[in-house]
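A.B. asks: dropping the sequence and predicted coords here.
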Amino acid sequence: MKLRDLVVASVVVFVFVGAAYAQDSSMTGQKPSAPLTFRVTGQAEAMPETVTLHFSVVGDGETLSSAMERLDKTERAVADALRKFDVKPEQMKVDRFSLAPLQPTVDPSMNPMNPTPPPSLGYRASRDYSITPAMSVKSLPKAIQIVDAALQAGARATSTPASSSSEPWRYGGASQPGMLLEYAVSDPDKLLKEAVNDALARARKLAEEVIKQTGKESLQLVSVQMTQSTAGYPYSYPGSGMDDSPSTTAANQSVKVTVSAEVGFSYK
């Protein structure tokens, strides 16, 4: 789940909870007291359950046509290699396709009077792939074998812009190191709700401690406003797959969701 989706889901959860309790207050016909408001955080975590395989196929050439020919050739080789693992071509989902000139790296300070870029060295055609559906983390050894087969057939790790992605834990501006394996929980909405419930429980505990000093006993939740929602997924395995320890370590790191909220209670 992308962070923007997580935030939207959080807002929906909080709006639903707040609206439900507001409706309950109106049904009682009682005028609520000045609310007690608390700023709290809630957390939930779970181990990743799925792993998605990613790789890129690249073709370089002096012309766009020759770059595409080399790209197609490598793609056929990768597809043949993955067929041995029962990965069908229709399971190779294209995430991105690009055509770009290959420009030599030039230090502008070497020739400040001529800002014109040097001529292109050729062209690059590339496609980024992910294999769907995601595999179980329990199948990690097989996933590594599949990635190895793709790399040995000419594929490369996928570079993902930091601004487009897993968001603060995944994807800023610059490109992240190559991505091959991406881990996630199977039900991120459930994890989010657990973090929300944890925040509400913390706020209620604080409210109960406050009203003990006033002699009041009855608390009612009247408002919930989310101020922030963040998540962190163990994300990529940058190696070739020959040494599976980096991937195993990442797969054994928990996925954490944190929500920050302002929670209000009335009391009587």
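C.D. replies: Happy to help now that I have it.
A.B. asks: just the helices in the chain please.
C.D. replies: Applying DSSP state H to the chain gives helices spanning 3-28, 64-83, 140-152, 188-212, 245-251.
A.B. asks: mean pLDDT lowest where, among these?
C.D. replies: Per-stretch mean pLDDT for the helices of the chain is lowest at helix 3-28 (a mean of 42).
A.B. asks: who are the contact partners of the residue nearest to Glu62 when sequence neighbours are not counted?
C.D. replies: Closest residue in space to Glu62, ignoring its immediate chain neighbours: Gly122 at 4.8 Å, by CB to CB, 6 or more residues apart in numbering. C-beta here means a position set from N, CA and C on the backbone, and glycine is covered the same way. By CB atoms under 8 Å, 6 or more residues apart in numbering, the residues touching Gly122 are Asp60, Gly61, Glu62, Thr63, Ala67, Pro101, Leu102.
A.B. asks: the fourth one contacts Tyr123, correct?
C.D. replies: Going back to what we said before, that points to Thr63. Yes - taking CB atoms under 8 Å as the definition, Thr63 is a contact partner of Tyr123 at 6.5 Å.
A.B. asks: give me the more crowded residue out of the two.
C.D. replies: Using other CB atoms under 10 Å as the criterion, Thr63 and Tyr123 rank with Tyr123 on top: 19 against 10.
A.B. asks: so what sits opposite that one in the bridge?
C.D. replies: Counting by DSSP bridges, Tyr123 forms beta bridges with Gly61, Pro101.
A.B. asks: hang on, isn't it packed against Asp60?
C.D. replies: Yes - using CB under 8 Å, Tyr123 is in contact with Asp60, at 7.2 Å.
A.B. asks: who touches both of these two?
C.D. replies: Shared contacts of Tyr123 and Asp60 (CB under 8 Å, 6+ apart): Ala67, Leu102.
A.B. asks: show me which residues of stretch 137-144 are buried.
C.D. replies: Neighbour-count burial for stretch 137-144 flags Val137, Leu140, Ala143, Ile144 (criterion: 16 or more other CB atoms under 10 Å).
A.B. asks: against Gln253, how distant is the last one?
C.D. replies: From Ile144 across to Gln253, the span is 17 Å (CB to CB, to the nearest Å).
A.B. asks: equivalent analysis for the third one, please.
C.D. replies: For Ala143, the distance to Gln253 equals 16 Å [CB to CB].
A.B. asks: same deal with the first one?
C.D. replies: As defined by CB to CB, Val137 lies at a distance of 11 Å from Gln253.
A.B. asks: mutual contacts of those two, please.
C.D. replies: Taking CB under 8 Å, 6+ apart as the contact rule, the neighbours common to Val137 and Gln253 are Pro48.
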